[in-house]
Each structure stands twice: as structure tokens, then as C-alpha cells.
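> I would like to see how this sequence folds:
(one chain, ligands or ions: 1)
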Amino acid sequence: MTRARTDVGPRFLNADTLKGAWCRMSKLSINNLSMRFDLPNGSFVQALKDVSLDIESGELMSVLGPSGCGKTTFLNILAGFLSPTEGSVTLNDNAVIGPSAERGMVFQQGALFEWMSVRDNVSFGPRMAGRKKKDYMDNVNHLLDVVGLQDFKDKSVYELSGGMQQRVALARCLANDPDVILMDEPLGALDALTREKMQGLVLKLWKETGKTIILITHSVEEALLLGQRLLVMAPRPGRIHKEYRLPFAAAGVGKDLRTVKRDPEFAEKREEILSMIWDMEEEIMGRTEEAKA
Ligand SMILES: Nc1ncnc2c1ncn2[C@@H]1O[C@H](COP(=O)(O)OP(=O)(O)OP(=O)(O)O)[C@@H](O)[C@H]1O
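Below is the predicted model of the structure:
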């Protein structure tokens, strides 16, 4: 049944009209971003150096790189949790100077209120924003449908599996109607099968909401599947090493992702990127050994 959802604002329409309907134009500009952590012993870590890029509305970007290359630092700066030592981030020409509902975050785990019901978790943002229940409940119910949790809405979060908890986290993030969704290893703690299902859900949400999504992952396969743009970062100092524009995310929407993975181009890119990261890890190990000698 098609229901009018004008009560919850123009971007929250029913599933039939979802496609692109939540999309608000947004442009994220990252300009010469550097982040240096000064350590108590007088030395420092250059976590990021001169990172610049523009991310257009509705882009799905995955970020990959060896441990310590600054992925989380990068995301935390975009979220407004950290201030860069140099450079700036703007969203729609407004400087990012702290956390804001326009930039939603989905963590690997542990960011839900375990004692609350699924529905109360998903409606948390609108409630905290002081919105009237009648204005947001339709949308919350709709999001519960979208992530497949309608039958679990009265359960407490601690009663759910890890995959279901991440569905709650995605719905809770969307309930705030952010311009940009930042995901830090959101599927990293899930078993392989659940992870694959959740990758499909991320693609579905991306396609249906038109949101800009930036996702950090340690998995080359996941970065290829969920990266319309894929950023490979290099460490010491953390920087952009290479960027890809890929067809797999668009091809994977609504499909069995194993079919996408069987594409010879997918396998070729996976090998290329694995070797790239392997070489970086080897170089780091080499430098560490040299420093010890
Ligand atoms: N608060 C901090 N103080 C000092 N050094 C830090 C701090 N946060 C991060 N670092 C250092 O900055 C570098 C980048 O860290 P970051 O966590 O961003 O990398 P990452 O690519 O996300 O790593 P991983 O893949 O292991 O999560 C690392 O060398 C890390 O030790």
C-alpha cells in the first residue's frame, strides 16, 4: 500500500518513491588536511598530511589502507570529533568545527543504548531534537521496515544478534536525516554471511536514500563492493595513495554480491589492491626493522 508521508518532511517518502527522495544536495570539501599528534616524549605522529578531495552528493566512497595510515583520524575529523592541525573541511561551504546531526556516524559496535528497545534507539535522535512523536514515528516505522526489523521493534538491543544491532545502528543514523553518513568499519565484527547480507543492505540504503556515504574498511573485497569511489591510503604520513572509480557498487544494488565478485575485473582489482597494501605493509616492517637495528 502506498502511504503519503508528507507528515515527516519532504525527504521521507514511502518505499515506492524512496529512490533518491531523501537526497539533499551536499558537497564535502576536504582541503589540505593534516593531523599531527604530539606525544608526551616530545616526538610526534603525522597521522595525516595534505589530504585534499571533494566528495559530491550521493557518492559512496570506501577508504582502505594498512593499519595506522590515518583512516579513523580522517573520519573523526569529518565527523567533527577531532580538529585538524592544518587544513579544513567544509560541508556545503560551512566549516566543520564539531559534531553535528548533518554528519551521522555508524561505528563498528557498542554505540547503541542496550537497555532501550530497537524502536527507542531508532527514534533517539528525533526525540532528542525535541520533535513531536507524531512527526517522526511514521518515519521511524518506515526505517524499521527498510532495515528489516519491524518484527523486532519492541526487543531490547541486547537481545539482538550483531548483524541486527548494526541494522539498528543504520536506521538510527538515517532517522536523523544526515547529509553524510560516516561509517567506521561498520561490518567488521560480523560473521562472513551476515557481513555479506549487510553489504547488500548498505548498497540498498545508498541507492534508495541518495545519501553520501564514506565507509572505512579493512577488507579489500568490501572496499571494492561498497566503493563507487575507493580511496587507498598510505601511512607515515597518512595520505591518499591512489583513487579508483569502480562499477561494482552500482552493479551490486539488489544483486547477489557473489555474482559481482565473480566478475574478472573484480578479481583483477582485488589482486592489484592487495599487492599494493602488501607492499606498503612490507615497507613499514622494513622501516621498523631498520629503526630497531
Ligand atoms: N590520539 C592519538 N594520539 C597519538 N597518536 C595517535 C592518536 N590517534 C591516532 N594516532 C596515531 O595516528 C596514526 C593513524 O591512526 P589511525 O587510527 O587514524 O589509523 P587507521 O588507519 O585507522 O588504523 P587502523 O586501521 O589500525 O584502525 C597511527 O600511527 C596512530 O597510532
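
> drop to CA atoms for contacts and neighbour counts, all remaining ones
Noted.

> Next to the ligand, which bits of this protein? Give me the list.
Counting by CA under 6 Å from any ligand atom, the chain comes close to the ligand at Phe37, Val45, Ala47, Pro66, Ser67, Gly68, Cys69, Gly70, Lys71, Thr72, Thr73.

> what residues are up against the residue nearest to the spatial centre of the chain?
In the chain, the residue lying closest to the centroid (CA atoms, centre = their mean) is Met183, at 2.5 Å. Residues near Met183 by CA atoms under 8 Å, 6 or more residues apart in numbering: Met105, Val106, Phe107, Gln108, Ile213, Ile214, Leu215, Ile216.

> Dump these into JSON lines; add neighbour count, pLDDT and secondary structure as well.
Shown next, in JSON lines, are these (neighbours: other CA atoms under 10 Å; pLDDT from 0 to 100; DSSP: H, G, I helix; E, B strand; the rest coil):
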{"residue": "Met105", "neighbour count": "28", "pLDDT": "91", "secondary structure": "strand"}
{"residue": "Val106", "neighbour count": "22", "pLDDT": "91", "secondary structure": "strand"}
{"residue": "Phe107", "neighbour count": "18", "pLDDT": "87", "secondary structure": "coil"}
{"residue": "Gln108", "neighbour count": "16", "pLDDT": "84", "secondary structure": "coil"}
{"residue": "Ile213", "neighbour count": "26", "pLDDT": "97", "secondary structure": "strand"}
{"residue": "Ile214", "neighbour count": "24", "pLDDT": "97", "secondary structure": "strand"}
{"residue": "Leu215", "neighbour count": "26", "pLDDT": "97", "secondary structure": "strand"}
{"residue": "Ile216", "neighbour count": "28", "pLDDT": "97", "secondary structure": "strand"}
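
> Tell me the one among these nearest to Glu289.
When the contacts of Met183 are compared for distance to Glu289 (CA to CA), Ile216 wins out at 28.3 Å.

> Mind jotting down where the strands sit in the protein?
28-38, 44-55, 60-64, 86-91, 94-95, 103-106, 180-184, 212-216, 229-234, 239-245 (DSSP state E).

> Out of the ones you listed, which gets nearest to Met280?
Minimum separation from Met280 across these (CA to CA) falls at strand 229-234, 7.1 Å.

> most neighbours, which of the residues of the chain next to the ligand?
The most crowded member of these is Lys71, carrying 27 neighbours; neighbours defined as other CA atoms under 10 Å.

> ok, that one to Arg287 distance?
According to CA to CA, to the nearest Å, Lys71 and Arg287 sit 21 Å apart.

> picking that back up, identify the farthest-apart pair in the residues of the chain next to the ligand.
Checking those with CA to CA, the most distant pair is Phe37 and Pro66, at 18.6 Å.

> what's the neighbour count on Asn32?
For Asn32, the count of nearby residues is 16 (other CA under 10 Å).

> what residues are up against it?
So Asn32 contacts Lys49, Asp50, Val51, Ser52, Glu86, Gly87, Ser88 (CA under 8 Å, 6+ apart).

> mind checking how far it is from the ligand?
Distance from Asn32 to the ligand, counting by CA to the nearest ligand atom, to the nearest Å: 16 Å.

> can you pull the pLDDT of that residue?
If you check Asn32, the pLDDT there is 97.

> Could you do Glu281 as well?
87.

> for Val180, what are its contacts?
With CA under 8 Å, 6+ apart, Val180 has these contacts: Ser26, Glu102, Arg103, Gly104, Lys211, Thr212, Ile213, Ile214.
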